[in-house]
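**Q** here is a sequence together with a model predicted from it:
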Amino acid sequence: MDSPLLAISLLFLFSLLSLAHSSTIGVQYISKLLQIQDHERAPPSVQVAAARGVLRRLLPSHSSAFEFQIISKDKCGGGGACFIIENYPSSSKPAAPEILISGVTGVELSAGLHWYLKYGCGSHISWQKTGGAQLFSVPNLGSLPRVNDARSLVQRPVPWNYYQNAVTSSYTFAWWDWERWEKEIDWMALQGINLLLAFTGQEAIWQKVFRKFNITNSDLDGFFGGPAFLAWSRMGNLHGWGGPLPQSWFNEQLTLQKKILARMYELGMTPVLPAFSGNVPAALKNIFPSAKITRLGNWFSVNSNPKWCCTYLLDATDPLFIEIGKAFIGEQLKEYGRTSHIYNCDTFDENTPPVDDPNYISSLGAAIFKGMQSGDNNAMWLMQGWLFSYDPFWRPPQMKALLHSVPLGKLVVLDLFAEVKPIWISSDQFYGVPYIWNDISFYFKKNPANTRQGNGRWKFFCNCFLSDVLVLLYRCMLHNFAGNTEMYGILDAIASGPIEALGSKKSTMVGIGMSMEGIEQNPIVYELMSEMAFQQERVDVKSWIDLYTARRYGQFIFSIKDAWRILYQTIYNCTDGAYDKNRDVIVAFPDVSPSFISLPSERYQHYEKPTSRRAILREKTNEYDQPHLWYSTSEVIKALKLFIAGGDELSTSKTYSYDLVDLTRQVLAKYANELFLEIIDAYCLKDIDGVSFLSQKFLDLVEDIDTLLACHEGFLLGPWLESAKSLAQNEEEEKQFEWNARTQITMWFDNTEEEASLLHDYGNKYWSGLLRDYYGPRAAIYFKLLIESLEKGEDFKLKKWRRDWIKLTNNWQRSRKLFPVESNGDVLAISRSLLNKYFSSKS
């Protein structure tokens, strides 16, 4: 093992990059709110205690080695927040501290601790499911590396480091208890995240608010979605689906939210609370018949069933809107005792205004903000800018009207897909409005085939950008959709994008952030993105990755370094501009006749040409999405071989085990896409034996991948289902919660016997148990019908395929079958075996 991984000296190299503070015009606009937040922040002693709690839970053996202290921004030298790492003054006392970390808040103290452990001790911290923390490289007490210079100061270039997406609460957080939330808050603090959504438990607040408007709890049974679908009921996409919520859910989630907020405030974080967007229950229309309440169009349901389709929206210009908005803010203040004064509201995502008159749009924006301000005079509106990216309604006049409808400095926009499609550029800094740079890594386009009854609603699952109106902006990284399992990233864009935005002319950027739909995947992407919150110059990604691999595994191994350099140039270098929504055949099986897939006039070779073959599945229908392939599969197989070659030295490393499972899975998943094409090609050639042989090979491959995934806890179905059931108070709730959990990852919204929901497989996962018990049997149905079609000389029976597939799905959703919650298997041995089994002839 290299001692300590060449990182000690680099602590100061990286620190020096952040000495110069870069303020933007946007920061000046929000300065008043920043001053208010500084004044209202928890006392220094509370923040120090909270940071010590983070240290104690992370590295209890070294809790005495570090001393923390809160400092003013004046100590940072440039007016912004910072942390300072220095040697603790010598002391003759036994077990005296060795390192002193100073910071403006508890978050900076925690980030400073992480920075020291990372660049001073060669350690690594990631989510537990992605390998957890590598801390054995930290020297024993009394031997911690000294800071070579007098001190190391690292400053934030912009005030805020944002985290979360409106739907992360369902795709990832749906079943979390306080134990899991505490770990996540610790992780956020260590990454320097200080601005984050806090949406848990809001349904209990809404119960209390609507009661004031004579709406009973029973009236709300069909309003709130089930536990796994609350994100979409909150956004007004659906209502009632997966519900009704038991009262125990309201009570427990509100209690949980209070714990979450308390810890965030203790650390000096800025939680973003929800604001009223206009989404109301049907009963309100009866109680206030003269109110401007509109029923929205269909959102991906099959039959427009009013039981869960077509929600109600209260027009922002109606006086009742401000009244409800004020009540909602007020009830949160009453329940939680305090606020950070920043509120999220996304009325126009998926809900295009009925009139494009800029004056009308301006009145809508002003009314929405007034609803917040009437409850909190210091309110600031945080808006996801995704609508400006996908909806052609928002032309410059309409966009400016909305952005300028709120006083300057009172609106901040999230540029959600900034790593791929930055809106701040096309909108000239969001027309002067402050924004946050977000890395989202995917986008949707309007698809007429994916709408029902010509309503023109848009396929949407995240909110993100803005840019050309003196708007305060956050640049954000989205990166992941629906918590899909896929190795993917654009590391060069992450390492340079925020710096370019920060240094651009008249920049209104006030933060950077991560707005992924699901977490606990691609840890390299999130580590680099988190670090950019403290960088003021572009990062040399190649050099950074060399250090990353040494830190992540606790030692430097040449074959692993070489493997990661290949991955950097391939998997983590997606430059085709396409969003990465995982549509691999295994997890998103094509719902089309084979005639729409085949390429009878084209032959292809597997894993040999280093060119992208993204269009290899010819698109003749809009009913399914093509698998995304942006790199040379043969190069990634080389990386896998190198990865396996270094495995004997890393057999006990959990981080290595996770990465090996993920890389092997990635290779096999792309091979499955190719194998599926071979099956379809054989079918078109009427080769029954070929279809039979290749189909069985495909199904065997699915079984093999399931066995591989079982080797690491980050790829298991069992924990998702068991965590859902653990929140239930009785057997009926347990059944309901498990159904919610199973449905979200397979087929939701509604379906008929012969028509699948348009949202099938949107939340797909590569989880052991899910492949063997659902994806494999589903593929077997399709292959059986292929063979029967050839045997009988008939067309492929698409309707029968859909009936059998939907029946399988609905039965699986209702099943109570148990799945393992602990990993099992030797990942290195299994990965070697699968490499030899499927690729020995492709060396």
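**A** Structure received. Numbering: from 1, shown residues only.

**Q** can you tell me what sits against stretch 58-73?
**A** Contacting residues not belonging to stretch 58-73 are listed as 38, 44, 47-48, 51-52, 55-56, 79-82, 84, 88, 95, 97-106, 109, 113, 117, 125, 133, 135, 138, 141, 144, 186, 190 [Cβ atoms under 8 Å, 6 or more residues apart in numbering]. The way it works is simple: take the backbone N, C-alpha and C, and place the C-beta from them, glycine included.

**Q** show the buried residues in those residues.
**A** 44, 47-48, 51-52, 55, 80-82, 84, 88, 97-106, 109, 113, 117, 125, 133, 135, 138, 144, 186, 190 (16 or more other Cβ atoms under 10 Å).

**Q** which of those fall within strands?
**A** Residues of the buried ones among the contacts of stretch 58-73 located in strands (DSSP state E): 82, 84, 99-103.

**Q** what would the residues you listed look like in CSV with pLDDT and distance to K561?
**A** Putting these into CSV (pLDDT from 0 to 100; distance: Cβ to Cβ, whole Å) gives the following:
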residue, pLDDT, distance to K561
C82, 97, 32
I84, 97, 32
I99, 97, 29
L100, 97, 34
I101, 98, 30
S102, 98, 35
G103, 98, 33
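
**Q** tell me how far P145 lies from I499.
**A** Separation of P145 from I499 (Cβ to Cβ, to the nearest Å) stands at 28 Å.

**Q** just flag the most distant two among the ones in strands among the buried ones among the contacts of stretch 58-73.
**A** Largest separation among those by Cβ to Cβ: C82 and I99, giving 16.2 Å.

**Q** quick check: which element contains the residue nearest to G365 when sequence neighbours are not counted?
**A** Leaving aside its chain neighbours, G365 sits nearest to S405 (3.0 Å; criterion: Cβ to Cβ, 6 or more residues apart in numbering). Counting by DSSP states H and E, no helix or strand carries S405.

**Q** okay, the ones in strands among the buried ones among the contacts of stretch 58-73 in JSON lines with distance to Y171 next?
**A** What follows is these, written out as JSON lines (distance: Cβ to Cβ, whole Å):
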{"residue": "C82", "distance to Y171": "34"}
{"residue": "I84", "distance to Y171": "37"}
{"residue": "I99", "distance to Y171": "38"}
{"residue": "L100", "distance to Y171": "40"}
{"residue": "I101", "distance to Y171": "34"}
{"residue": "S102", "distance to Y171": "37"}
{"residue": "G103", "distance to Y171": "32"}
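
**Q** show me which of the residues you listed is closest to R151.
**A** Among those, and counting by Cβ to Cβ, the member closest to R151 is I84, at 5.5 Å.

**Q** hang on, that closest one packs against G77?
**A** No. With contact defined as Cβ atoms under 8 Å, I84 does not reach G77; the gap is 9.9 Å.

**Q** identify the contacts common to these two.
**A** Joint contacts of I84 and G77 (Cβ under 8 Å, 6+ apart) are L153.

**Q** centroid residue for the protein?
**A** M516 (2.4 Å; Cα atoms, centre = their mean).

**Q** name the nearest residue to A482, ignoring sequence neighbours.
**A** G763 (4.5 Å).

**Q** and the helix ranked longest in the chain, what's buried?
**A** In the chain, taking DSSP state H as the definition, the longest helix is helix 654-684. Using 16+ other Cβ under 10 Å as the test for burial, helix 654-684 gives 654-684.

**Q** how about the contacts made by G489?
**A** 441, 479, 522, 524-525, 571-572, 574.

**Q** any of those buried? List them.
**A** 441, 479, 522, 524-525, 571-572, 574.

**Q** just name the lowest-scoring one in these, pLDDT-wise.
**A** Minimum pLDDT across those is recorded for S441, with 38.

**Q** touching, Y658 and Q134? I think so.
**A** No. At 11.2 Å, Y658 and Q134 do not qualify as touching, with contact defined as Cβ under 8 Å.

**Q** in the protein, what spans have low per-residue confidence?
**A** Filtered on pLDDT under 70, the chain yields the residue ranges 1-23, 91-92, 350, 390, 416-477, 579-580, 598-625, 841-843.

**Q** what about 50?
**A** 1-21, 419, 424, 440-471, 600-622, 843 (pLDDT under 50).

**Q** might one say that L660 is in contact with G647?
**A** Yes. In terms of Cβ under 8 Å, L660 counts as a neighbour of G647; the distance is 6.7 Å.

**Q** which neighbours do those two have in common?
**A** Shared contacts of L660 and G647, counting by Cβ under 8 Å, 6+ apart, come down to 828, 831.

**Q** mind listing what F328 touches?
**A** 205-206, 209, 274-276, 371, 375.

**Q** element containing it?
**A** F328 belongs to helix 319-336, assigned by DSSP H and E.

**Q** okay, buried residues for that helix please.
**A** So helix 319-336, judged by 16+ other Cβ under 10 Å, has buried residues 320-322, 324-329, 331-332, 336.

**Q** same question, stretch 118-138
**A** 118-135, 137-138.

**Q** before we move on, back to that, closest one of the ones in strands among the buried ones among the contacts of stretch 58-73 to A495?
**A** Among those, and counting by Cβ to Cβ, the member closest to A495 is C82, at 21.1 Å.

**Q** the stretch 151-300 of the chain: strands as residue ranges?
**A** Here the stretch 151-300 of the chain has its strands, by DSSP state E, counting those that start in this stretch, at 152-155, 160-163, 195-197, 270-274, 279-280, 293-295.

**Q** surely G511 forms part of a strand?
**A** Yes. Membership of G511 in a strand is supported by DSSP: H, G, I helix; E, B strand; the rest coil.

**Q** quick revisit: need the buried ones among the contacts of G489 in TSV with distance to I293 and secondary structure, can you?
**A** What follows is the buried ones among the contacts of G489, written out as TSV (distance: Cβ to Cβ, whole Å; DSSP: H, G, I helix; E, B strand; the rest coil):
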residue	distance to I293	secondary structure
S441	37	coil
H479	37	coil
N522	42	coil
I524	47	helix
V525	42	helix
I571	48	coil
Y572	47	coil
C574	43	coil
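
**Q** possible to save these as CSV with distance to A283?
**A** Compiled in CSV, those are given as follows (distance: Cβ to Cβ, whole Å):
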residue, distance to A283
S441, 40
H479, 39
N522, 44
I524, 49
V525, 44
I571, 50
Y572, 50
C574, 47
